[in-house]
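Undergrad: pasting the sequence and the predicted model now:
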Amino acid sequence: MPHTIAQVVVGLPAPGPFDYFIPENLRQTLRVGSRVYVQFRAKLCVAYVVALLTKSEWPRTRIKTIISVLDNVPTLDDNFLKLTKEIAEYYVCSWGEAIEVALPSILRTKKTIEWSAPTVIPEKRDSKSELSFIQGSIHSSASSIAKKIKAIGNQGRGILVLVPEIGHVAVVREFLEKVCGSIVADLEKGFGVKRELSEWLSVKEGRMQLAVGTRSAVFAMMPNLGLIVMLDEENPAFKQEPSPFYHARHVALLRQKYESCDVLFVSPAPTAELWKILKDKKATMEVSENKSLAGLQIIDLANYKYQNMLISFPLQNFIQETLAKSGKILLFLNRRGFSTLTKCNQCGFVLKCERCNSILSYLSSKKKMFCPRCDALSELPKMCPHCKSSYLRSMGTGIEKLESELARIYPASRIAGYDSDTKTFDRGAHLMVATQAVMPFLHRGYFTLIAVLDFDGEINRVDFRAGARALSLLTRLRQTAGEKLVVQTRHPQHEAIKAAATMDTEQFYRQELKTRKELGLPPYVEMISLALRGISEDAVLKQTQSLYEQLIGVVGEVFEISVPQPDLRPKLRDKYRFTIILKGKSVKTMLAVVDSVIAEFGKRKGVVLTIDVNP
């Protein structure tokens, strides 16, 4: 019997699949994986065919008809559909939402696309694939990475290279073209829609064998995929926000399961979660050579005082010595702007973001106050909004203020700052002050001296992963510095500092994993965050408490559930936020227990429920 029913999913929070009738004139062109145009509820939209049936359980009068097929060749292949279905089930989103997060923006519209079937025929391979890890930076591991890529490329198989942020793409593409001698497709989504689609199709059609991109590139439909390389896996940018809250590491490992491709992680210090996976799966692990590793100098701030600037006297001496030798210096400070707090000397009123209730910083380059949480800009008031006094005082030090102070102290030196707002990297600067946005430009020996001015700010974050991320920062900077890495801290005995000093990361991860196991934290448990947000603080808290009571009723002692608590960002963009955390051995088991409660609760007015797996 001919297929007369197509099951489709849409890029909306609607579970599906939904049955649609296939008109006779479309039955020859419509296939599983096709994009189609349909009426869904009261509007027209793009949908994706995930199955074909000979009949439906619903009467014909209740089934709508597909309007048109949008592509001459099915857009989605079988592996992609299997992958996105599992992503949807694990990260609690609709199948259609999981599909759309992986597609170029133009493919989510009615636009008809003409493209050619892949010229590369996927090989049938056994289920054996390699999971490997190189401990080092892309530059220190260049020969090993190039060897692996060339070996896969010589087999006629495709390679995906994932980088954490947009700023890394051009740098890594240039590196790959140099060491591999081939043109690299750029899967970054920041281009115009035409180029974005062109690059994506060049990979899908098998015309480009090597591609680089940020986290969503992990979904690229590359025929005969042989290798996924993930650089700097520990970077938080690999975790998607907003929904679906997938992690690119997890998706890469799922692709390995479905497509038997190799997966290579490259990082100076990965997450503890990945370290455990590597050990459990007995992955191949290699440590890249650290030739003439920079020295590490710890400055205990308990023994020194500094005024105005975040630079101790010993560090000032190191700076003078380096400048005298015509060396370049990087001062690392993860604080944008000029000052970090503005308050009234008369009444003590502190300027805060009206939308987020977070303390505003002053951005000198734009002559504006800005919110570190939502990036909203506002004018610096001429008088206190509370008491109308004109005695407003800005305090704290961001990179703009530090840059200004350094220009005063070292007038003969070229001083530059670099953060996420900076357009160009000043390669002529003798002394640079920068946030983590500078990371893509770091390579071995460019800066003679690198100093972390506020290491305590890195480890004192409300985040159980802070220690591992601090180790990653120190390890990367030490491998990058030409002669010396200086770390200012009041915690010189911190485990991350000791590990960076000895380069004994094995011991660090043993202790880190032991602590996490004792505290019941990932990777030994899985976590689900149920976050509620709304305009009324009282209403959101009341609804969160109601959800908690319903969950307690069905959970019992099956797994752990926290009491309602303010989110780490208790107010963001005019919305108050409260969170409930579930902890257990299996996401699937937890969701099976609470699914009905969550489904019912998601229909309530006045609040929005967001589900984040392993936040």
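TA: Everything's here; your move. Numbering: from 1, shown residues only.
Undergrad: which stretches of the stretch 451-600 of the chain form strands?
TA: Taking DSSP state E, counting those that start in this stretch, the strands of the stretch 451-600 of the chain run over residues 484-489, 526-534, 560-561, 565-572, 575-584.
Undergrad: what's the first one in contact with?
TA: Think strand 484-489. Counting contacts by C-beta atoms under 8 Å, 6 or more residues apart in numbering, the residues outside strand 484-489 that touch it are 294-301, 310, 312, 314-315, 318, 448-456, 474, 477-478, 497, 500. The way it works is simple: take the backbone N, C-alpha and C, and place the C-beta from them, glycine included.
Undergrad: switch to 7 Å and redo it
TA: For strand 484-489, the external contacting residues (C-beta atoms under 7 Å, 6 or more residues apart in numbering) are 294-301, 312, 315, 318, 449-453, 455-456, 474, 477-478, 497.
Undergrad: got a quick ChimeraX command for the buried subset of those residues?
TA: This is how ChimeraX selects the buried members of the contacts of strand 484-489, with burial counted by 16 or more other C-beta atoms under 10 Å:
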select :294,296,297,298,299,301,312,315,318,449,450,451,452,453,455,474,477,478,497
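Undergrad: can you say which of the strands of the stretch 451-600 of the chain is packed in most?
TA: Across the strands of the stretch 451-600 of the chain, the average number of neighbours (mean count of other C-beta atoms under 10 Å) peaks for strand 484-489, which reaches a mean of 25.
Undergrad: that older thread, residue 211: which of the strands of the stretch 451-600 of the chain is closest?
TA: Nearest to residue 211 among these is strand 526-534; the distance by C-beta to C-beta comes to 30.9 Å.
Undergrad: list the strands paired with that closest one, with their directions.
TA: When pairing is defined by DSSP bridges, strand 526-534 lines up against strand 575-584 (antiparallel), strand 608-613 (antiparallel).
Undergrad: quick one on the thing from earlier: just the ones of the contacts of strand 484-489 in helices?
TA: Residues of the contacts of strand 484-489 located in helices (DSSP state H): 315, 318, 455, 456, 474, 477, 478, 497.
Undergrad: just those residues now: which is nearest residue 355?
TA: Each of the ones in helices among the contacts of strand 484-489 was checked against residue 355 using C-beta to C-beta; the closest is residue 456, at 28.7 Å.
Undergrad: low-confidence ranges, the stretch 301-450 of the chain, go.
TA: Counting by pLDDT under 70, the stretch 301-450 of the chain shows low-confidence ranges at 306-308.
Undergrad: if you set the cut-off to 80 instead, what comes out?
TA: Along the stretch 301-450 of the chain, segments meeting pLDDT under 80 span 305-309, 444-445.
Undergrad: related to what we said a few turns ago, could I get the strands paired with strand 526-534 as CSV with distance to residue 595?
TA: Formatted as CSV, these follow (distance: least, C-beta to C-beta, whole Å):
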stretch, distance to residue 595
strand 575-584, 12
strand 608-613, 10
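Undergrad: looking at those, which is closest to residue 551?
TA: It's strand 575-584; of these, that one is closest to residue 551 (C-beta to C-beta) at 6.9 Å.
Undergrad: quick check: angle from the closest one to strand 565-572?
TA: Between the axes of strand 575-584 and strand 565-572, defined by axes from the mean of the first three to the mean of the last three C-alpha atoms, to 10 degrees, the angle is 150 degrees.
Undergrad: and the strands in the stretch 151-300 of the chain?
TA: 158-162, 185-186, 210-213, 225-231, 262-267, 284-287, 295-300.
Undergrad: before we move on, what about the stretch 301-450 of the chain?
TA: In the stretch 301-450 of the chain, the strands defined using DSSP E, counting those that start in this stretch lie at 329-332, 341-344, 361-363, 368-370, 377-378, 392-395, 415-418, 431-434, 449-452.
Undergrad: can you pull the contacts of the residue most central in space within the chain?
TA: Note on the chain: the residue nearest the mean C-alpha position is residue 237, at 1.9 Å, using C-alpha atoms, centre = their mean. If you count contacts by C-beta under 7 Å, 6+ apart, residue 237 has them with 164, 165, 215.
Undergrad: what's around the last one, how many residues?
TA: This means residue 215. Neighbours of residue 215 under the rule other C-beta atoms under 10 Å: 23.
Undergrad: about what we covered before: winner for burial among the strands of the stretch 151-300 of the chain?
TA: Of all the strands of the stretch 151-300 of the chain, strand 158-162 has the most neighbours on average by mean count of other C-beta under 10 Å, namely a mean of 27.
Undergrad: sorry, back to before: okay if I get the contacts of residue 237 as CSV plus pLDDT and distance to residue 483?
TA: Formatted as CSV, these follow (pLDDT from 0 to 100; distance: C-beta to C-beta, whole Å):
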residue, pLDDT, distance to residue 483
164, 92, 27
165, 87, 27
215, 93, 35
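Undergrad: ok so, going back, max pairwise distance over the ones in helices among the contacts of strand 484-489: which two?
TA: Spatially, the most separated pair among the ones in helices among the contacts of strand 484-489 is 318 and 456, at 19.3 Å (C-beta to C-beta).
Undergrad: buried set for stretch 354-361?
TA: 355, 356, 358, 359, 360, 361.
Undergrad: adding distance to residue 563 as columns, could you present the ones in helices among the contacts of strand 484-489 in TSV?
TA: Shown next, in TSV, are those (distance: C-beta to C-beta, whole Å):
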residue	distance to residue 563
315	45
318	49
455	33
456	30
474	36
477	40
478	42
497	35
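Undergrad: where does the stretch 1-150 of the chain dip in pLDDT?
TA: Flagging of the stretch 1-150 of the chain using pLDDT under 80 yields the residue ranges 1, 116-127, 139-140.
Undergrad: strands along that one, start to end?
TA: Under DSSP E, counting those that start in this stretch, the stretch 1-150 of the chain gives strands at 5-10, 18-21, 35-40, 43-53, 68-69, 131-135.
Undergrad: just the buried residues of the third one, please?
TA: So that's strand 35-40. So, applying 16+ other C-beta under 10 Å, buried residues of strand 35-40: 35, 36, 37, 38, 40.
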